[in-house]
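>>> Give me a 3D structure for the following:
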Amino acid sequence: MDSHHAGFPQGEPRPRPGHLFINRGNAMSNKTDVHVFIGDLEGGEFEAKVSHALSEAAASSIRHNTPSKVTLTFELKPMGNGTQVDVGHEIKRAIPTQEGSFTEVSKRRTPLYVTGGCMTFFPPNQNQLFGKKGEVQNEKE
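Reported below is the predicted structural model:
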C-alpha cells in the first residue's frame, strides 16, 4: 500500500485536502484522520494559520540564523449530549526578528462529533451535501 492510501481501506480513495472523509464502518473506525481533523478546525482556517505560522517561522529562522518555534496545543472537553467534544486549538509561535523575537498565540474552539474515538465535523450518519466553501458535493467524488 502506498503512503497516499496509508490508513484507508484498499479500493477507497484518499480524500483530497479540504474534503471530509466520512468513515463508513471500515477497519479504521476508531481513529481520527489527522489531515481531516486539522482541516475541520475553524472550517479550514486553522489549517491555513498553521501553514502560515510554519512558513513564517522557517523564513525568519533562515533570515536571522536563529531558531523559531511553533507549538500546536489541543484540549478536548466533552459536550453535554455525549456525542461531541469541544476542541480547543491553539497555535503559539515564537519568531525571531532583528530586534529579538515576536510571540503570538491564537486560540479558538470547534465542536466535533465523536464515533468510537473518531472525530469528524459532521455527524457520522449525515451525508455530506456541501463542501466547506458551499459547493455542492457529488456522490461520486
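>>> ok now the helix or strand where Lys107 lies, how far from the chain's centre?
Element membership for Lys107 (DSSP states H and E) is strand 101-115. On the basis of CA atoms, centre = their mean, to the nearest Å, strand 101-115 sits 10 Å off its chain's mean C-alpha point.
>>> Packing partners of that strand?
helix 34-40, helix 45-64, strand 84-96, strand 118-120 (3 or more CB pairs under 8 Å, 6 or more residues apart in numbering; DSSP states H and E). For every residue, glycine as well, the C-beta is placed using N, CA and C.
>>> switch to 6 Å and redo it
strand 84-96 (3 or more CB pairs under 6 Å, 6 or more residues apart in numbering; DSSP states H and E).
>>> how about the strand it packs on as PDB, C-alpha atoms only?
C-alpha atoms of strand 84-96 as PDB (Å, rounded to 0.1, in the frame of the first residue of the first chain):
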ATOM      1  CA  GLN A  84     -19.500  15.700  20.700                       C
ATOM      2  CA  VAL A  85     -16.300  17.200  22.100                       C
ATOM      3  CA  ASP A  86     -15.400  20.900  22.200                       C
ATOM      4  CA  VAL A  87     -11.900  21.000  20.700                       C
ATOM      5  CA  GLY A  88      -9.800  23.900  21.900                       C
ATOM      6  CA  HIS A  89      -6.900  24.500  19.500                       C
ATOM      7  CA  GLU A  90      -4.000  26.900  19.900                       C
ATOM      8  CA  ILE A  91      -1.100  28.000  17.800                       C
ATOM      9  CA  LYS A  92       1.800  29.600  19.600                       C
ATOM     10  CA  ARG A  93       4.700  30.900  17.600                       C
ATOM     11  CA  ALA A  94       7.900  32.500  18.600                       C
ATOM     12  CA  ILE A  95       9.500  34.100  15.600                       C
ATOM     13  CA  PRO A  96      13.000  35.700  15.600                       C
END
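>>> ok, back up a step: name the strands paired with the strand holding Lys107 and say parallel or antiparallel.
Strand 101-115 has the following strand partners under DSSP bridges: strand 84-96 (antiparallel), strand 118-120 (antiparallel).
>>> Going by mean pLDDT, which of the ones you listed comes out lowest?
Mean pLDDT per stretch puts strand 118-120 lowest among the strands paired with strand 101-115, at a mean of 89.
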